[in-house]
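Engineer: A structural model of the following input is requested.
(one chain, ligands or ions: 1)
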Amino acid sequence: MRAMPAPLAYQASSIIRSNTTRCRGGICMTEHWNAIRKHWQLLGSPLRPPAEVVETYDRELELARSHVVMFGVTPELAGLGARMTAVDESADMIAGIWPGDTDTRKAVQGDWFDLPFPGASVDALIGDGCLSVIGAAEFRRALFASIARALKDDGRAGIRLYVSPETPDDPKDVRALALSGGVATFHELKWRVAMTAIGAAPDYIMPVRRILEQFDRMFPDREELSARTGWELPVIGTIDVYRNSPAIYSFAPVAALVQEAEAYFSDVGIASTGTYGLAERCPLLALRSPKRRD
Ligand SMILES: C[S@@+](CC[C@H](N)C(=O)[O-])C[C@H]1O[C@@H](n2cnc3c(N)ncnc32)[C@H](O)[C@@H]1O
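Structural biologist: As a prediction, this is how the structure comes out:
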C-alpha cells in the first residue's frame, strides 16, 4: 500500500477560513455563490444535474431507504433518500435555492469541512460538483477526510466530478465545436473553455476570473456566438459573475482524483452519469469503506 500523506483534515477549518483563501479584495466566497444564485434560473446542464444524473446517484448508492446527507442545496437532488439533511454554508443559497424543509428533508447551515454530525454516523452522502468548487488538492484531501470521518463503516458517498481530459483540448477546436453547434449548452462550453486553460496549473486549479478571460479571448464576439448557437445573451452573460470573484475551481483528471481519494477510502469507483452534453467528463466518484485515520 502506498504511503499516506500527512492528514490535513485537522488543519482544514483554519485553512478554509483564512481570509486570503475565502475572500479577495473584500469579496468572499459566499458572495460568489450569492451572485450565482441571482441567475440560477439561467443555469443548466451540466452545472444543474439532469434527470439521468439524479437516477445515477440513486442507483449507484442505493439511496431509497437511507438518510442522505447532501453537500450543498442542489434542488434536483433534494428528493433523494428516505430522509435528507442538506449542508450549505450560505444562508442565501438555502433561502433562495433549497426547495424547502418538509417532514423528511431539511437544510442546515454548516461547513463541509467541519460537519455537524458525529463521526461514523452517516449512511450516505452526496455532492454535486463539490470537489471542483473548493480549489486546490489540500482542500480536496481535507474534504475526503471529512467525508471518511462522517461515514459509517458500511456508508457510501457519491460526488459528481468535473474532470479534465488527460490531453488538453486545443482552444481552436473548442471554438470550432461551439460555433458548429456541437456543444449542448453554454454551461458545457464554460467548462470546456475552463479545461483548455488548466495547462500546467498546480493541482489543476483555475481561478474563475481566468475562465472568463479565456472565454473572452476565445469568443470576443458574444453576438456571433449567440447567433450561431441560439443561446440567449443573458445566458452567455452568466459568465460575467466570474469577473470579480475570489473563487478558485479545479478540473483534475479522473485518475488524479481517484488516487487522492484512495488515501481515505479502500473502495473507490467511477460510474458514468449518462449521455447528456459533457457527461463523459462528469462521472460519479463512488466512495466506500472509509479508512479510520483519527
Ligand atoms: C454544491 S456546490 C456546486 C453547485 C453546482 N452543481 C455547480 O457545479 O456550480 C455549490 C454550493 O456549495 C456551497 N459551498 C461551497 N463550499 C462550501 C463549504 N465549505 N461548506 C458548505 N457549503 C459550501 C455553496 O454555498 C453553494 O451553495
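Engineer: partner strands of the helix or strand containing residue 107, with direction?
Structural biologist: Using DSSP states H and E, the element containing residue 107 is strand 105-109. Here strand 105-109 is paired, per DSSP bridges, with strand 83-88 (parallel).
Engineer: and the spatially most central residue of the chain, what pLDDT?
Structural biologist: Nearest residue to the geometric centre of the chain (C-alpha atoms, centre = their mean): residue 129, 1.6 Å. With respect to pLDDT, residue 129 has a value of 98.
Engineer: point to the helix or strand of this structure where mean pLDDT is at its lowest.
Structural biologist: Within the chain, no helix or strand scores below helix 9-17, which has a mean of 36 by mean pLDDT, DSSP states H and E.
Engineer: checking residue 181 next. Helix, strand or coil?
Structural biologist: coil (DSSP: H, G, I helix; E, B strand; the rest coil).
Engineer: so who does the residue lying closest to it once chain neighbours are set aside touch?
Structural biologist: Nearest non-adjacent residue to residue 181, counting by C-beta to C-beta, 6 or more residues apart in numbering: residue 229, 6.5 Å away. C-betas here are computed from N, CA, C, even on glycine. Contact analysis of residue 229 by C-beta atoms under 8 Å, 6 or more residues apart in numbering lists 178, 179, 181, 183, 186.
Engineer: what's the answer for residue 126, then?
Structural biologist: With C-beta under 8 Å, 6+ apart, residue 126 has these contacts: 57, 61, 63, 68, 69, 70, 71, 77, 80, 157, 158, 159.
Engineer: quick check: phi and psi on the last one?
Structural biologist: Read it as residue 159. With angles defined as degrees, to the nearest 10, residue 159 sits at phi -120, psi 120.
Engineer: isn't it up against residue 287?
Structural biologist: Yes: with contacts counted by C-beta atoms under 8 Å, residue 159 reaches residue 287, the gap being 7.4 Å.
Engineer: below-threshold pLDDT in the stretch 151-294 of the chain: ranges please.
Structural biologist: Of all residues in the stretch 151-294 of the chain, those with pLDDT under 70 make up the ranges 293-294.
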